[in-house]
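Colleague: no FASTA, just this:
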């Protein structure tokens, strides 16, 4: 069975951009997201480079409440929710709580590490 999917919106959280605009600018200008990580240096890891998105608390609070962020420790979920909400908004889909789910619309996101930094 052939089923078609239409991509109507995009969102991104990447080491070189945490919005679609910043990511697009970075890839068009050859900006890498790879950098030295002071925490890995402090822990005396032999490898001290990361390709990890930098999400400030201020930015995360645009997507989560303070209560939701308390003891939150899954970076993969954080990145996916931010990218998913941005994609939803980019598609101009309604952001409302509806008691009747829209089973025809959804967001797909993935992460390579499932919260492991």
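Modeller: Sure, I can see it. Just so we're clear, the structure is a prediction, and the values are computed from it rather than from any experiment.
Colleague: counting contacts, what elements does the lowest-mean-pLDDT helix or strand in the chain pack onto?
Modeller: Taking all helices and strands of the chain together, the one with the lowest average confidence (mean pLDDT, DSSP states H and E) is helix 75-90, at a mean of 91. If contacts are counted by 3 or more C-beta pairs under 8 Å, 6 or more residues apart in numbering; DSSP states H and E, helix 75-90 sits against helix 57-60. Every residue, glycine included, has its C-beta placed from N, CA and C.
Colleague: on that earlier part again, give me the buried positions along the least confident helix or strand of the chain.
Modeller: Using 16 or more other C-beta atoms under 10 Å as the burial criterion, the residues of helix 75-90 that qualify are 75-76, 78-88.
Colleague: same check, this time on stretch 68-76
Modeller: Along stretch 68-76, these residues count as buried under the neighbour rule (16+ other C-beta under 10 Å): 75-76.
Colleague: gap between that stretch and the chain center?
Modeller: Relative to its chain's centre, stretch 68-76 lies at 13 Å (C-alpha atoms, centre = their mean, to the nearest Å).
Colleague: what's the answer for stretch 83-92, then?
Modeller: In this view, stretch 83-92 has its centroid 11 Å away from the chain centroid, taken as C-alpha atoms, centre = their mean.
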